[in-house]
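Colleague: Take a look and give me a structure for this.
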Amino acid sequence: MGSIKLQNGAPEPEVFDVVIVGAGISGINAAYRLQSQLPDTTFTILEGRGSLGGTWDLFRYPGIRSDSDLFTFGFQWEPWPYETPIAQGPLIREYMKSCVKKHNIDRHMRFHHKVLAADWSSETNQWKVTAEHDGQTKEFRANWVILGTGYYDYENPLKAVIPGLENYQGKIIHPQHWPEDYDHSGKKIAVIGSGATAITLIPALSETAAAVTMVQRSPSYIVSLTNRSPSRSWLMKLMPKYVAGTWLRMLHVWRAYTAVLFSRYFPQRAKKLFIKLTIPQLPKRIPQNPHFEPYYTPWQQRLCLSPDGDFFQALRDKPTTNVVTGHIDTATETGIRMKDGTTIDADVIVTATGLQMRMGGDVAVTVNGEKINWGGRVLWHGSMIQDVPNMMFVIGYVDASWTLGADSTAHILVRLLKYMKSKNVSTAVPRVPPGGTNGYGNVGPWKPKMSPPLDWMHGKWGDIVTGLHFAA
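Modeller: Numbering: from 1, shown residues only. Below is the predicted model:
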């Protein structure tokens with residue numbers, strides 16, 4: 001949709017039914033659902049970066065891979081075409097680009113359009129979306145805004161708080177901004193952290209590094225999975241690709257969900273099981289306790305996946321690959337000293353200590369001139385923000401694939417737009433009953449997404465009216 005010049009030379013804002021912010025998994029999936037189920041709906045996708053992919057375009061550290069299986073992390077409408085459930089970043093980017101091209105979603109994408117603000121006006125029942133492009137600001141108008149921006153800050157990683165780090169003379173790298181073409185061969189590397197990023201980095205770095213040490217304050221659960229899906233081969237022979245893909249998706253959804261349920265209802269038994277599976281994979285030189293004895297029960301935090309047990313394989317095959325557990329006393333000029341006196345020499349310190357949260361992509365949201373603060377607000381079906389009209393906020397799961405949650409939200413969006421058109425209303429606002437949010441956030445439409453199968457069924461057929469205030 002083109003724009004025209006006003007008399008003062010400024011372009012007239014382009015008008016769409018929907019503006020999608022972000023060209024990652026969430027934005028691409030929402031775009032497909034809109035164009036396939038509401039083909040007359042006009043929309044555009046505004047992406048601040050120069051390419052699609054979101055997380056998978058940003059992260060380029062060694063070994064970057066999914067921490068969810070691709071049969072559920074991939075799109076339901078374009079099943080993952082490979083036999084490996086866990087895939088590395090480049091293959092995921094290739095898959096996403098092929099999906100976008102095949103379904104002509106790329107024609108809706110505008111790159112280097114960083115959305116700065118979204119302002120709702122009840123006078124026009126529209127959003128004014130302001131984006132920065134080539135050093136200039138551009139305006140768009142839309143009936144709906146979809147925030148497919150993820151949950152963390154793309155520009156500013158979480159800073160590791162390590163005493164004495166300013167004294168360290170070696171190289172410091174955060175995985176979020178891994179230097180392009182950096183050669184770590186022959187280096188002594190200390191990886192601080194025990195989450196999915198660290199578990200991914202260790203095997204990749206250990207292949208050519210002189211030594212790799214994972215420095216962790218507390219351990220995580222690491223689950224080894226066979227990175228092959230034998231069922232895919234025979235399903236593809238027996239059924240059409242889409243039918244086989246659907247069966248594989250359902251199989252992996254229920255397999256993961258039952259494991260989560262088992263951990264929730266039998267936490268101590270689950271803990272014993274995971275530890276029992278870990279012990280045989282360790283070399284004799286590394287004891288299970290304290291290095292692989294998490295203080296919490298499974299799924300209180302996200303589990304780390306190790307495809308084909310590559311993390312443990314690195315520990316067994318490389319005597320120079322080690323784990324140190326405890327509290328850091330200080331960084332020295334040449335490495336790290338722990339409070340128990342253990343020292344780790346390092347040419348490179350990798351701070352794999354997590355991501356900095358930034359909900360909504362740092363878009364300044366206002367409703368009739370009033371700034372919307374995220375704190376203290378509840379979400380309607382995990383998809384719309386309390387008291388914010390005509391805006392969907394896409395989030396996924398802690399204990400399942402992100403895409404499953406994103407697709408549930410997309411189904412709600414499509415059904416809600418159809419409902420509003422049938423009732424000839426233009427505005428939908430989530431409103432909690434009188435008395436404020438106390439007591440809400442865990443009941444009715446204000447419950448968070450917790451169950452991928454049930455959330456999917458709700459997205460397809462459940463109540464999408466309760467909790468919303470509609471206006472013409």
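
Colleague: buried residues in the longest helix seen in the chain?
Modeller: Longest helix in the chain, counting residues (DSSP state H): helix 241-265. Buried residues in helix 241-265, defined by neighbour count with 16 or more other C-beta atoms under 10 Å: 244-249, 251-253, 256-257, 259-260, 263. The C-beta positions use only the backbone N, C-alpha and C, and glycine is treated the same way.

Colleague: before we move on, what about stretch 334-354?
Modeller: Buried residues in stretch 334-354 (16+ other C-beta under 10 Å): 334-338, 344, 346-353.

Colleague: Same question for stretch 396-406.
Modeller: Within stretch 396-406, the residues that qualify as buried are 396-397, 399-406, counting by 16+ other C-beta under 10 Å.

Colleague: Go through the residues you listed and say which is closest to residue 363.
Modeller: Closest approach to residue 363 among the buried residues of stretch 396-406 (C-beta to C-beta): residue 406, at 17.6 Å.

Colleague: what's near enough to touch that closest one?
Modeller: Counting by C-beta atoms under 8 Å, 6 or more residues apart in numbering, residue 406 touches 25-26, 29-30, 148, 394-396.

Colleague: which one is it nearest to, not counting chain neighbours?
Modeller: Counting by C-beta to C-beta, 6 or more residues apart in numbering, residue 406 lies nearest to residue 26, which is 4.5 Å off, once chain neighbours are set aside.

Colleague: surely the one you found meets residue 75?
Modeller: No: the pair residue 26 / residue 75 is not scored as a contact, 11.2 Å apart, by C-beta atoms under 8 Å.

Colleague: The two: which is more packed in?
Modeller: residue 26 (29 against 21; other C-beta atoms under 10 Å).

Colleague: got a list of contacts for the helix or strand harbouring the more buried one?
Modeller: For residue 26, the element it lies in under DSSP states H and E is helix 25-37. Helix 25-37 has contacts (C-beta under 8 Å, 6+ apart) with 18, 20-21, 41, 43, 45, 47, 52, 54-55, 73, 75, 77, 96, 99-100, 103-105, 108, 146, 148-150, 392, 394, 396, 402-403, 406-407, 409-411, 413-414.

Colleague: Mind checking which of those land in helices?
Modeller: Among those, the members falling in helices (DSSP H) are 55, 73, 96, 99-100, 402-403, 406-407, 409-411, 413-414.

Colleague: Redo the residues you listed as TSV? Include pLDDT.
Modeller: Converted to TSV, the ones in helices among the contacts of helix 25-37 look like this (pLDDT from 0 to 100):
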residue	pLDDT
55	92
73	96
96	98
99	98
100	98
402	94
403	96
406	96
407	97
409	97
410	98
411	98
413	98
414	98
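
Colleague: Closest to residue 180 out of those?
Modeller: After measuring the ones in helices among the contacts of helix 25-37 against residue 180 - C-beta to C-beta - the closest member comes out as residue 55, at 17.3 Å.

Colleague: Isn't that closest one up against residue 150?
Modeller: Yes: using C-beta under 8 Å, residue 55 is in contact with residue 150, at 6.6 Å.

Colleague: Now do the shared contacts for these two.
Modeller: Common contacts of residue 55 and residue 150, defined by C-beta under 8 Å, 6+ apart, comprise residue 24.

Colleague: rewinding a little: and the contacts of helix 25-37, which are buried?
Modeller: Buried positions within the contacts of helix 25-37, assessed by neighbour count (16+ other C-beta under 10 Å), are 18, 20-21, 41, 43, 45, 47, 52, 54-55, 73, 75, 96, 99-100, 103, 105, 108, 146, 148-150, 392, 394, 396, 402-403, 406-407, 409-411, 413-414.

Colleague: how about the nearest residue to residue 65, chain neighbours excluded?
Modeller: In space, and not counting its chain neighbours, residue 65 is closest to residue 88: 4.6 Å by C-beta to C-beta, 6+ apart.

Colleague: Would you mind measuring from residue 97 to residue 28?
Modeller: Shown here: residue 97 relative to residue 28, a distance of 10 Å by C-beta to C-beta, to the nearest Å.

Colleague: Which one of those two is surrounded by more residues?
Modeller: Neighbour comparison, residue 97 and residue 28: the larger count goes to residue 28, with 30 against 17 (by other C-beta under 10 Å).

Colleague: Show me where the protein dips below the pLDDT cut-off.
Modeller: 1-10, 230, 232-234, 236-237, 435-442 (pLDDT under 70).
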